[in-house]
Structures are given as C-alpha cells and as structure tokens.
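Here you go, sequence then predicted model.
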Amino acid sequence: MFVAKHVSSIPRSGIREFFDVVQNTTGVISLGVGEPDFATPWHIREAAIYALERGRTTYTSNLGLPKLREAISRYVDETFHVPYDPKAEILVTVGVSEALDIALRAVLDPGDEVIYHEPCYVSYSPSVTLAHGVPVPVVCSVDRGFAVTAEAIEQAIRPRSKVLLLNFPTNPTGGTMSREELIKVAEVARRHNLLIITDEIYSELTFEGEHTSIACLPGMKERTIFLHGFSKAYSMTGFRIGYACGPVELIEAMMRIHQYSMLCASIISQEAAIEALQNGRPDTVEMRDQYKLRRNFIVKAFNDMGLACHLPRGSFYAFPSIQSSGLSSKEFAVRLLKEHKVACVPGSAFGACGEGFLRCCFATALDQIQIATDRIGKFLISIK
C-alpha cells in the first residue's frame, strides 16, 4: 500500500459523503452545503471580466497583488481594529482553507497539539492531522450558545499544546463569543504561550452585537494568525480567495510553503477581491439582512415543531436538536432526504458532540425554506 498512514486514517468529509446521495435525488430542497444563494454582486463580477479583457492573466507576487494587500490592510484595520503591514504581514491565499493548511504546516512539529472547539467545520481535525499535529477537541454546549470557555480550553492544555484554533461565528452552530469571553481566552493563551489561529470568515454575518476579533485584544496581535476571505460576505465562493494576517516571521514561513504549492492566488480573483473591499459593503449589509430574516423564520419554525433550536447570532446556519425524534443524526438526515426530499447535514459530521443535532443552512430563498420546514414538520409527524 502506497498511501501514507496519516492520510489513510482520515475519513471522507461527512458533508460531501452525504451529498453524493443528494446529487442522485431529484426535487430536493437543500439546506445543506454552506454556500450563499446570492450571485456575486455584478460590480465584482464585472471587475473580474474587465481584468480578463485587459489581459490580466499572469502570475502575481507570491504574497498577492500589492493593491489587494493594501486594501486588506485598510479593511482589517477599519473593521477589526488590527493594523497590519501590507508589505510583510499579509498573504493572499486560495481561500481560507489554504490559509489554514499552510498556517498549520508552518508552525507544527510532529506531535504538537492543536486545541479547537467542537462542533466545528469538518476540515479542522483532518487539517491538523495532515500537518502531523494532534487535534484536541473541546466540547461546546448548546446551553452556552456553543461558545467555548476559557476554563474548558485550560483543562485541555498539555505539555505539547501549541496552537488554539478558533472559528467565531462558528460553522455549523452559529455560535459567537463576546468580548468578555475572548478576554478570558486570551489570558489563558498568553499564560500558556499558545499561538492563536482565528478563522473569521463569517464575521460580517453577525446579526446582533459587535463582532470582536481576538487579534485586537492587548498582547494578542503578536501571537495570532488572523484568517479571512471573501466567500461568505461577498458571495464569492467560486473565486477561491482568502488571506492571512500575522507577525512577519509567521507570514514569511507560510509564504515559503505557499510559493512551492500554490505559487499565488488567481490574479482574476484578486482583481475581483479589490473591488469587493472597495465597494462591496452595501451588498454585504443587504445579504446579511436577508439572512437575518431567514434565520428568524427557520429558528421559530423548528421550535414550533418541537425541535429545540438556539438563535444563532452569526453565520447562516441553524443547529436544531433532533434528539426528541429518537433517531440518530444520520438516520434523521437520510430518512428526511429519501422520504421528504429535504437535505440537511447530520450534526455528527462536525464532531462526536454534534450527534443529536442537524445543520440546516438558511442561505437559500425564504420560500424554499418555508417548503422545507413544512416537509420537516410532516416527517416528524410520520415517525411518531
């Protein structure tokens, strides 16, 4: 067998495996894949078209276009209150997924441990394993709105603990963290000399209260790699464009890996990203307001039908409990798909503690959400 042991031990994505079934079923309403249903705003698409028309089809600097890095620097400073030098502290990547991968590969020695909170995005634990690290999950509970506590993080710390990976607002729960909670987490990170990697891809989709980045807290910029991108806030998933901000030595280490693997992100996507940062805020606000209406509807619908569902303060995911059904998450999702043609993702795909829940993405049209929740209600009646 030629496949490396650390690769063969990684399971297939619980999301993609489930949607192999979806693709072979007609008439399905999908509350599954976490992708905005809005088209990328026209002025952003137009920037990409114009880049092509001008023959902007070359490689760029490994770090990314200087104009884009300058725009990122301004945006992050204005929005998250963290200043970064566009010449040395910002790296443009092929989505946040690549940024996370090269961040982990840049900082982990074999056996180093990465603490992260679950339920979480499906790639976190495998990404740590692929970087020869050891993933250490910390359970987040619904009674705390799926926020992670400083106490739980501290209990998970061991001699090889090196990185704390955060994602707020969180996929799949929509959980968020208050500034006060983050201050406590930051104190633990400083005391135990942990590096923070913070994935804030859903930050613009915060519905109530202020989003706070841990990178802006005192003493945290120098021990934080800040990851962000354009997929969610600007509906640019297919452009595959993200970025990392951090201390010079860490960005340099990440760039060394990036230059030998990806070389650079697509120049066409980078040109579109410049336009998004310069003129895309009204589009983001409009999309966020629509998501909030959908969130309010779907959460009320779940609670009304007897599936307890907390109100997510961010992202575009609801995470209702299906424990009252008596079915496992996978059984519930598979039967719902086959019998009533509604696609959702089993909570177990996001970690063992996600069992008993269902991830339902409300980044789809409200009329489709209404039909989907009606079908879910009928399914619940049918299994009683």
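Here it is on my side, so go on. Numbering: from 1, shown residues only.

The residue lying closest to Arg69 once chain neighbours are set aside: what's it in contact with?
Distances taken as Cβ to Cβ, 6 or more residues apart in numbering place Pro86 nearest to Arg69, at 3.9 Å, with adjacent residues excluded. In this view, the C-beta of every residue, glycine as well, is placed from N, C-alpha and C. Pro86 makes contact with Pro66, Arg69, Glu70, Ile72, Ser73, according to Cβ atoms under 8 Å, 6 or more residues apart in numbering.

Which secondary structure element is home to the fourth one?
In other words, Ile72. Counting by DSSP states H and E, the element that carries Ile72 is helix 66-80.

what's the helix or strand just after that helix in contact with?
Using DSSP H and E, the helix or strand that follows helix 66-80 in sequence is strand 90-93. Among residues not part of strand 90-93, those counted as contacts by Cβ under 8 Å, 6+ apart are 60, 62-65, 68-69, 72-73, 84, 99, 102, 229, 241-245, 251, 254-255, 258, 262, 264-265, 270, 273.

Just the buried ones from the residues you listed?
Using 16 or more other Cβ atoms under 10 Å as the burial test, those include 60, 62-65, 68-69, 72-73, 84, 99, 102, 229, 241-245, 251, 254-255, 258, 262, 264-265, 270, 273 as buried.

among those, which are in helices?
When helices are assigned by DSSP state H, the members of those inside them are Leu68, Arg69, Ile72, Ser73, Ala99, Ile102, Ile251, Met254, Met255, His258, Gln270, Ala273.

May I ask which helix or strand encompasses Leu182?
When elements are defined using DSSP H and E, Leu182 is found to belong to helix 179-191.

ok, and for the helix or strand where Tyr260 lies, which residues are buried?
Element membership for Tyr260, per DSSP H and E: helix 248-261. Across helix 248-261, burial judged by 16+ other Cβ under 10 Å covers Leu250, Ile251, Ala253, Met254, Met255, Ile257, His258.

any idea whether Tyr116 is helix, strand or coil?
Assigned by DSSP: H, G, I helix; E, B strand; the rest coil, the conformation of Tyr116 is strand.

Please name the bridge partners of it.
Using DSSP bridges, the bridge partners assigned to Tyr116 are Pro137, Leu165.

where do the strands sit along the stretch 101-250 of the chain?
Residue ranges of the strands in the stretch 101-250 of the chain, as given by DSSP state E, counting those that start in this stretch, are 113-118, 134-139, 161-167, 195-199, 224-229, 242-245.

Mean neighbour count, these: which tops it?
The highest mean neighbour count among the strands of the stretch 101-250 of the chain belongs to strand 242-245 (a mean of 28), with neighbours defined as mean count of other Cβ atoms under 10 Å.
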